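K.L.:
curious how this folds, go ahead:
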Amino acid sequence: MSDDVVVKNEKVVAALQPKPFNKVPGLKFHITALICQLTGGPEHYTGRTMAASHQHLDITEAEWNATVNDLKASLDAFKVPRAEQEELLQLVASTRKDIVK
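P.N.:
Residues are numbered from 1 along each chain as shown. Model (predicted):
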């Protein structure tokens, strides 16, 4: 939630109220659980569907791309091999249709 492109979306910021970014720990938990489930790990995502979670946020293509670029930068920082990065990014991309308006 520190990406300038993402935080320009007032609906995203408002969704994390009452205090700015107060709900980030919960958001991180859900993202971690979703990625773990997508990759076949032991965690199971128990949140709302991607469509239900994002329908009111009007996520743009630019915001999606910024988020994917942030994920890729994290994977690079932790030296995740390219093949594993591509596999993960393809899995994450499968959620795009339910997130981007």
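K.L.:
residues near residue 2, how many?
P.N.:
Neighbours of residue 2 under the rule other Cβ atoms under 10 Å: 8. All C-beta spots, glycine's among them, are computed from the backbone N, C-alpha and C.
K.L.:
go on, residue 59?
P.N.:
As a burial measure, residue 59 scores 20 neighbours (other Cβ under 10 Å).
K.L.:
confirm for me that residue 95 is in contact with residue 50.
P.N.:
Yes: counting by Cβ atoms under 8 Å, residue 50 is a contact partner of residue 95 at 4.8 Å.
K.L.:
is it true that residue 61 touches residue 68?
P.N.:
No: under the criterion of Cβ under 8 Å, residue 61 is not in contact with residue 68, lying 10.5 Å apart.
K.L.:
which of these two has more residues huddled nearby?
P.N.:
The neighbour comparison of residue 61 against residue 68 (other Cβ under 10 Å) goes to residue 68, with 14 against 10.
K.L.:
mind giving me the packing neighbours of the helix or strand containing that one?
P.N.:
Taking DSSP states H and E as the criterion, residue 68 maps to helix 61-77. Helix 61-77 makes packing contacts with helix 4-7, helix 82-93 when contacts are defined by 3 or more Cβ pairs under 8 Å, 6 or more residues apart in numbering; DSSP states H and E.
K.L.:
out of those, nearest to residue 41?
P.N.:
Comparison of the helices and strands packed on helix 61-77 against residue 41 by Cβ to Cβ identifies helix 82-93 as nearest, at 11.3 Å.
K.L.:
list the buried residues for the closest one?
P.N.:
Within helix 82-93, the residues that count as buried by 16 or more other Cβ atoms under 10 Å are 88, 92.
K.L.:
could you give the mean pLDDT of it?
P.N.:
The average pLDDT within helix 82-93 is 97.
K.L.:
tell me the angle of it relative to helix 61-77?
P.N.:
Orientation of helix 82-93 against helix 61-77 (axes from the mean of the first three to the mean of the last three Cα atoms, to 10 degrees) gives an angle of 150 degrees.
K.L.:
by contact count, what packs against helix 82-93?
P.N.:
If you count contacts as 3+ Cβ pairs under 8 Å, 6+ apart, helix 82-93 packs onto helix 24-38, helix 61-77.
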